[in-house]
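S.K.: Here's a sequence, model it:
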Amino acid sequence: MSGDFRLRSSRVLPRSGQSENIRAPLPDQYSAAHTRVTDRRAAAARAAQLSKKDGWVVASILAIALVVSVTSHLHRLRTTSGRNARSMQHHMPRIAPRGHKRVEIGLNIRVGTDLYDVGTNHQSVGVDEIVQKNANTGSNRDTAGHRSVLQPDVTAASDEDIDRLARGGSVYCSGSSVDNRTCRFDDMCYIPRRNEYVLPRGVASLLHGVPSNRFDPALLTLSSVQRHNAMHMSFVDVPADQFTNASILPKHIVFVVSAPVLLLYRFKPNNVMHILHDDVLPVLHTLRAVGRLGDGSTTMAFMDPLGVHNESDDWYKLLLPGSQHQSIYRKMLPTSVDVQGATRDAIVCFRRAYAGVIKEPTWYDYGFLQPQGPIPNHPATSAPYVRWATNFLAAQLGAPALPSSPPVASPGLPVATWTQGNSWSVVLFARTRNRLIMNQPQLIQGLESKFGRHVTVLSLETHSIQDIITVLRSTAVAVGMHGSILVLAMFMPPGSILVELFPFGVPSDNYTPYKVMCGLPGVDLRYVAWENQNLANTVAHPKRPPYLGGIVHLDPNTQHRIQSAHTVPQHLCCEDPYWLYYIYQDTTVDVEDLLPRIPMPASDTYAGDDVAATGVWRQLYHAIVPARVQGGVTCTYHAQVNVTGTGAHNGGASLQRTSPAHMRVAFAPSWNAPHVNGLYYEVHIKELGKMWRVPQPYLLLAGESDPDPESKEPRSDAKLSVWVRPMGAHVVGPVSEAFSCTLPAAVVTTLGVQLIPAL
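M.R.: Numbers count the residues shown, from 1 in each chain. Now for the predicted structure:
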């Protein structure tokens, strides 16, 4: 996929409060007839003028010919339009139970607060269908020539759709909580006016993995953003036979979406950090998990009230390569249909819908319940998703592949060895509206002097996403003020350096989305934070709107506290006035203080910041799980041995050493043992209902006492069962089958165990 990826605006439907007449224009044959009639009228006028000059005879002949021609054409037009009307009625969906009378009705479809008049049609009045199906061609006109009010994939329900809904819908879920549950719905409906999901329950219904308390607090969340109940989703039940029963359908109009859809609730679709972190990465891997990535038949249904956002929509198009369907927006779904003055609620039913997204690709908590930071207790396997996703998205954009670099094979931050050539670049992320770098030319000059190459300035306001990512694929150093554009550093090669600048009073340790991102295995970027410590190098904007850091709307005492704080205290999301005031300051960067903090890209040492969990995550990323111990377990008894010898440290005097009695457990190692980092084995021994757990490798338990020291009864030979489990660094292997060993009764009370892998 290639082409310009710049932001663009497109108006799909009039906004609330605006008036726009979209009454159906004349069909093509009427327009052509109107043109011909107009031409003939002009000819008649010319004939009238001619009659004054050249005589009434010639003019009369021309006028008579014109009248005959127009009359003949109008007769043919009425005949054609009658056939077309009858054909339209034949293809019109059913509107009511059979046996009703034919009447003339006016149809109005309400989308949100906007009412659209789709004209007057002669058709039978009914319940489950109201307008002719929109052709799924992406055109904004249906086959009757009317402006299409519905979104292309939202069509009036057919008889087959109603019959299927009457048999019942189903839901299949996996996951243990609202935060990690994902579900697939078949024939699930949505009532836009109520913002409520409904599942028809009938003879064909099946509910799998649905908890009994699906409203405590919800079945699932339609976003990867956790701890935000606006994104929660559950469904209520309705008897499926109501879709053929007169008790519900006379009050509702049913529409269907036949294409498979992924339901999503967007948090901030106008912010590229939130677009990628919250939506694109989770959706990409969810589509991949359900086998819908690139299948060409799937589309998105945005169930938030935000409407069209072109920037995020362009990203979603990358997730659906080859799809012939357009995205669906809750804000543009029909809410009701007016029929002869009676209002009926619209019901939109999804033939197949996926809800809930995979959250492992995310890494940051925005701080709804506690101050922002890395997601607590997040599965450490999240990291590999990000690099795979960036490679996929870059390929969809037509951006180049990453330069060749040795893979990261061991813990420790990688070094960008590929920068030893001359193809790498230095980038400055610039802002043009707020949070400015006031001495940007001096900063550019300093970077060029340090790294010996031209600095490329990139900005979301002046460059397309495609252009930015293309440059970043060969960028070794990127510098920018804290802001959403820094998330695009994930497209940089491993080993590259991201330098994040912070305005005065903003502690870098409290705002770490990009620091955490850099530490993810597979991303593996070096990270440097720089804070402006000099108030004199700062320009605040207290008179701006509050969302841009203005504070003049606050009382004077609060303004004084904010301005004299000189730091942002920890806070919750999302409109803290301290945070907004300080983060939207403009900054003069101390270039002489900054440059020494940035390492050279190909240096062997790195003294910049790192993430505490980076080492653990990286080991997990490269961890190999050991295979099951398949056999070769033997148990041998070794009696106590007294050894006599001499010791040099004792002047050659005789020494006596005792080797205690012990049992030796030996076994064949895991077949992939050479590839497992930190391999050891855990051995479980069971005898007479007691479990002995020996968790350490090569452990000699010399002279261990009887496992049951209170027992004074004579012991017989001990029948032992032995299990072996291989372990690695942060990974656990499978337990072997039980192996049997026998221990002589004479040594049971003085048992010692020695574990020796048979290498």
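S.K.: quick one: secondary structure of L306?
M.R.: Per DSSP: H, G, I helix; E, B strand; the rest coil, the secondary structure class of L306 is coil.
S.K.: Number of residues surrounding it?
M.R.: 17 (other CB atoms under 10 Å). For the C-beta atoms, the positions are set from N, CA and C on the backbone; glycine is no exception.
S.K.: my guess is it contacts K331, does it?
M.R.: Yes. Judged on CB atoms under 8 Å, L306 makes contact with K331 at a distance of 6.9 Å.
S.K.: Quick check: the residue nearest to L369 when sequence neighbours are not counted vs L520, distance?
M.R.: Leaving aside its sequence neighbours, L369 sits nearest to R227 (CB to CB, 6 or more residues apart in numbering; 5.3 Å). R227 is 21 Å from L520, where distance means CB to CB, to the nearest Å.
S.K.: ok, those two, which is more surrounded?
M.R.: More neighbours surround L520 than the other of R227 and L520, with 24 against 14 (other CB under 10 Å).
S.K.: helix, strand or coil for the more buried one?
M.R.: L520 ends up coil, using three-state DSSP.
S.K.: Test my guess that it contacts W363.
M.R.: Yes. The criterion here is CB under 8 Å, and L520 meets it with W363 at 6.5 Å.
S.K.: Tell me, how many residues neighbour L472?
M.R.: Based on other CB under 10 Å, the number of other residues close to L472 is 24.
S.K.: And the next helix or strand past the helix or strand of the chain with the lowest mean pLDDT?
M.R.: Least confident helix or strand, the chain: strand 114-124 with a mean of 40, by mean pLDDT, DSSP states H and E. Scanning forward in sequence from strand 114-124 by DSSP states H and E, the next helix or strand is strand 155-156.
S.K.: Neighbouring strands - and their directions - for that following strand?
M.R.: strand 252-257 (antiparallel) (DSSP bridges).
S.K.: Partner strands of the following helix or strand past the strand it pairs with, with direction?
M.R.: On the C-terminal side of strand 252-257, the closest following helix or strand by DSSP H and E is strand 261-264. Applying DSSP bridges, strand 261-264 is found paired with strand 299-302 (parallel), strand 342-355 (parallel).
S.K.: So which elements touch the helix or strand hosting S449?
M.R.: If you go by DSSP H and E, S449 is part of helix 440-451. On a contact count with 3 or more CB pairs under 8 Å, 6 or more residues apart in numbering; DSSP states H and E, helix 440-451 meets strand 425-429, strand 455-458, strand 475-481, helix 591-594.
S.K.: how big is the angle separating the longest one from helix 440-451?
M.R.: With axes from the mean of the first three to the mean of the last three CA atoms, to 10 degrees applied, the angle from strand 475-481 to helix 440-451 works out at 150 degrees.
S.K.: who's in contact with the closest residue to D313 other than its chain neighbours?
M.R.: Once flanking residues are discounted, D313 sits nearest to S327: 6.3 Å by CB to CB, 6+ apart. Taking CB atoms under 8 Å, 6 or more residues apart in numbering, we find S327 in contact with T299, M300, A301, F302, D313, Y316.
S.K.: With A489 instead?
M.R.: L472, A478, S496, L498, Y514, M517, C518, L525.
S.K.: ok so it is a strand residue?
M.R.: No. Read with three-state DSSP, A489 is helix and lies in no strand.
S.K.: can you pull the pLDDT of it?
M.R.: On pLDDT, A489 comes in at 97.
S.K.: what separates R628 from M727, distance-wise?
M.R.: From R628 to M727 the distance is 12 Å (CB to CB).
S.K.: sorry, that was for L498
M.R.: Counting by CB to CB, the gap from L498 to M727 is 36 Å.
S.K.: who's more crowded, those two?
M.R.: L498 (26 against 18).
S.K.: Output the helix holding S449 as PDB, nothing but the C-alphas.
M.R.: What follows is helix 440-451, C-alpha atoms only, in PDB (Å, rounded to 0.1, in the frame of the first residue of the first chain):
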ATOM      1  CA  GLN A 440      15.300  25.100  17.700                       C
ATOM      2  CA  PRO A 441      18.000  26.400  15.200                       C
ATOM      3  CA  GLN A 442      20.700  26.300  17.900                       C
ATOM      4  CA  LEU A 443      19.600  22.800  18.900                       C
ATOM      5  CA  ILE A 444      19.800  21.600  15.300                       C
ATOM      6  CA  GLN A 445      23.300  23.200  14.900                       C
ATOM      7  CA  GLY A 446      24.500  21.400  18.100                       C
ATOM      8  CA  LEU A 447      23.100  18.000  17.000                       C
ATOM      9  CA  GLU A 448      24.700  18.400  13.500                       C
ATOM     10  CA  SER A 449      28.000  19.300  15.100                       C
ATOM     11  CA  LYS A 450      27.900  16.300  17.500                       C
ATOM     12  CA  PHE A 451      26.900  13.600  15.000                       C
END
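S.K.: contact partners of it?
M.R.: 426, 428, 430, 437, 454-455, 457, 477, 479, 589, 591-592, 594-595, 598, 600-601.
S.K.: That helix versus strand 425-429: what angle between them?
M.R.: 160 degrees.
S.K.: what mean pLDDT does helix 440-451 have?
M.R.: 97.
S.K.: again, but for stretch 721-729
M.R.: pLDDT averaged over stretch 721-729 gives 85.
S.K.: ranges for the strands of the stretch 301-450 of the chain?
M.R.: Per DSSP state E, counting those that start in this stretch, the stretch 301-450 of the chain carries strands over the ranges 328-329, 334-339, 342-355, 364-365, 373-374, 425-429.
S.K.: List just the one of those strands that sits closest to A394.
M.R.: strand 425-429 (15.6 Å; CB to CB).
S.K.: which residues touch the closest one?
M.R.: By CB under 8 Å, 6+ apart, the list of residues contacting strand 425-429 from outside reads 440, 443-444, 447-448, 451, 453-459, 471-472, 474-481, 483, 485-486.
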